[in-house]
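S.K.: Pasting the sequence and the predicted model now:
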Amino acid sequence: MLKGAIARRYAGAIFELARKQNALDRTLEDVKGIAQVFSNRKLAYLLQEPKVPAQRKEKALREALTSQVLPTSLNLALLIVQRGLVDVMPRIATELEGFVLDYHNQAIAQVTTATEMDKDGHDLVAGALERATGKNIILQSRIDPNILGGLIARVGDQIVDSSIRYRLQALQQELLAGASTTKEDFSPDEGLALVDTSA
């Protein structure tokens with residue numbers, strides 16, 4: 001079975017348990033924390049090494065997590081280690097976050113701009129994305145001067161690219177496509193004029 005499908009199955013199981021226990025947000029926090037712990041190279045090696053006895057792995061996990069997470073979250077971590085799926089834990093956390101966001105009718109929007117947005121710009125972008133998706137948007141912004149201006153917004157698998165860099169690239173493609181279709185009629189001694197076709 002593909003790792004993505006495995007991650008989704010485990011995330012779905014812990015989601016249903018957490019929903020019944022009214023502990024969705026806490027469980028998501030736990031699972032993200034466990035994924036972070038599992039990303040520690042020394043611990044990940046210990047947990048995946050077949051020569052290390054299962055009791056030692058369980059003891060290490062209990063010592064690291066018992067006071068930090070809910071019992072159901074600890075049980076998930078123990079099960080993941082028993083089944084040799086330590087490297088799948090980050091995907092489980094991602095899938096679980098998706099389930100929790102859907103349950104709350106929320107979506108994370110990663111918005112890239114050339115300069116930092118002020119509060120009005122932030123609210124304007126969030127409002128537009130909420131209207132487009134029908135979900136409450138949690139906006140995560142980052143700055144990339146290379147996009148020159150405008151913005152790039154990613155919500156799940158959907159991308160809205162209204163950056164100046166993208167528009168320039170699109171214009172270049174149009175110019176190249178136009179030049180290739182008229183190549184036979186263009187001679188070196190003729191000038192090239194850009195015509196405004198918006199009128």
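M.R.: Thanks, I have it. Every value quoted in this text rests on a predicted model; they were computed, and no experiment measured them.
S.K.: From here on, just use CA atoms for contacts and neighbour counts.
M.R.: OK.
S.K.: And the helices in the protein, which stretches?
M.R.: Assigned by DSSP state H, the chain shows helices spanning 3-20, 24-38, 41-48, 54-65, 71-82, 89-103, 119-133, 164-181.
S.K.: I'd like to know which of these is closest to G150.
M.R.: Closest of the helices of the chain to G150 is helix 164-181, at 5.8 Å (criterion: Cα to Cα).
S.K.: Now that closest one: average pLDDT?
M.R.: Taken as a whole, helix 164-181 has a mean pLDDT of 78.
S.K.: Centre of the chain to it, how far?
M.R.: Put simply, helix 164-181 sits 30 Å off its chain's centre (Cα atoms, centre = their mean, to the nearest Å).
S.K.: One more: stretch 86-104?
M.R.: 10 Å.
S.K.: Same check on stretch 150-162?
M.R.: On Cα atoms, centre = their mean, the centre of stretch 150-162 falls 12 Å from that of its chain.
S.K.: then it to PDB, C-alphas only?
M.R.: The C-alpha atoms that make up stretch 150-162 are tabulated as PDB, following Å, rounded to 0.1, in the frame of the first residue of the first chain:
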ATOM      1  CA  GLY A 150       1.100  40.900  -7.000                       C
ATOM      2  CA  LEU A 151       0.800  37.600  -5.100                       C
ATOM      3  CA  ILE A 152       0.800  33.900  -5.300                       C
ATOM      4  CA  ALA A 153      -1.800  32.100  -3.200                       C
ATOM      5  CA  ARG A 154      -1.900  28.300  -2.600                       C
ATOM      6  CA  VAL A 155      -4.900  26.700  -0.900                       C
ATOM      7  CA  GLY A 156      -4.500  22.900  -0.900                       C
ATOM      8  CA  ASP A 157      -3.900  21.800  -4.500                       C
ATOM      9  CA  GLN A 158      -5.200  25.100  -5.900                       C
ATOM     10  CA  ILE A 159      -2.900  27.900  -6.900                       C
ATOM     11  CA  VAL A 160      -3.700  31.500  -7.800                       C
ATOM     12  CA  ASP A 161      -0.700  33.200  -9.400                       C
ATOM     13  CA  SER A 162      -1.300  36.900 -10.100                       C
END
